[in-house]
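K.L.:
Based on what follows, work out the 3D shape:
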Amino acid sequence: MPDHPEPTDAAPGVDDARRRPSRRPVRAVLLDFHGTLAQVEEPREWVLAAAAACGVTLDRMRATSLADRLLTAGRAGGPLPGRVPPRLAELWADRDLYPHAHRDAYTGLAATVDAGIDGFADALYERVLVPEGWVPYPDTAPTLAGLRAAGVRVGVVSNIGFDLRPIFDAWGLADLVDAFVLSYEVGRCKPDPAIFWRACGMLGVDPEESLMVGDTPADAGAVAAGCAALVLPPADPGRPNGLGSVLDLLPHPHPLPHPHP
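P.N.:
Numbers count the residues shown, from 1 in each chain. As a prediction, the model looks like this:
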């Protein structure tokens, strides 16, 4: 056995470089909305608020029971329904492409639960349209601000049947988003690569320079469009979901030289 290392053809540091993962430049971050930037309000509070809008005060036990049944039926921004009635199947299939289909699908699902409250299904749906019906994650505002400070373009890419801009306006975050790419406006839904290409085009970047951040396999579909992807774990309303880790993936800026005395 030789008492000194065998010579190699590789230059010093080459093997180390090969072992390090490649880092693509990130000029744009595409962000999912529901489950990534915000979560719908807690189910019982959702039911209580909707009932109050109809002039009805529910006790918390009844509200909890109704919430459980409505979640099983299917809630906008909540779990997928256990079963979609045949009469709603076409609306359900088109819910993220047309505003009327989105509303009619979810009010139709809510109406399968007999709450005995006039206008209840519509009131439940209205909660998803207003800022009060959503809870931004703790890292949402700091992450958007950090991306802006780093000079990174930001697009919100969502499968959704209504306009998110008023919600971001109410939260004071609209100026930190460069483009809203909403399925009902562009006619494509994730994971179709076309919606990610559209987002990159609106932001003026190549897919290879973009990172899609979401919480579902549909968001990871951005890889087929040439983007990198980061899938976050699920988190309850108001609890950290790891969104801030996006900032750790950005290249560190070079320090500015100190001025000469």
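K.L.:
the helices in the chain, which residues?
P.N.:
14-19, 43-53, 60-73, 89-93, 99-110, 120-126, 140-149, 165-171, 183-186, 193-203, 217-220 (DSSP state H).
K.L.:
which strands and helices sit next to the last one?
P.N.:
What it means is helix 217-220. On a contact count with 3 or more Cβ pairs under 8 Å, 6 or more residues apart in numbering; DSSP states H and E, helix 217-220 meets strand 210-214, strand 228-231. Every residue, glycine included, has its C-beta placed from N, CA and C.
K.L.:
hmm, 7 Å instead?
P.N.:
strand 228-231 (3 or more Cβ pairs under 7 Å, 6 or more residues apart in numbering; DSSP states H and E).
K.L.:
Parallel or antiparallel, list what pairs with the strand it packs on.
P.N.:
Take DSSP bridges as the rule and strand 228-231 pairs in its sheet with strand 210-214 (parallel).
K.L.:
Show residues contacting the partner strand.
P.N.:
26, 28-32, 36, 196, 200, 219, 222, 227-232, 246, 249 (Cβ atoms under 7 Å, 6 or more residues apart in numbering).
K.L.:
Pull out the buried members of those residues.
P.N.:
Neighbour counting with 16 or more other Cβ atoms under 10 Å marks 26, 28-32, 36, 196, 200, 219, 222, 227-232, 246 as buried within those.
K.L.:
what about the helices of the chain, which gets the closest to residue 83?
P.N.:
With Cβ to Cβ as the measure, helix 60-73 is the member of those nearest residue 83 (8.5 Å).
K.L.:
The closest one to helix 43-53, inter-axis angle?
P.N.:
On the basis of axes from the mean of the first three to the mean of the last three Cα atoms, to 10 degrees, helix 60-73 is oriented at 110 degrees to helix 43-53.
K.L.:
and the closest residue to residue 197 other than its chain neighbours, what does it touch?
P.N.:
Excluding the flanking residues, the one nearest residue 197 by Cβ to Cβ, 6 or more residues apart in numbering is residue 225, at 5.6 Å. Each residue near residue 225 by Cβ under 7 Å, 6+ apart is listed here: 193, 196-197, 207.
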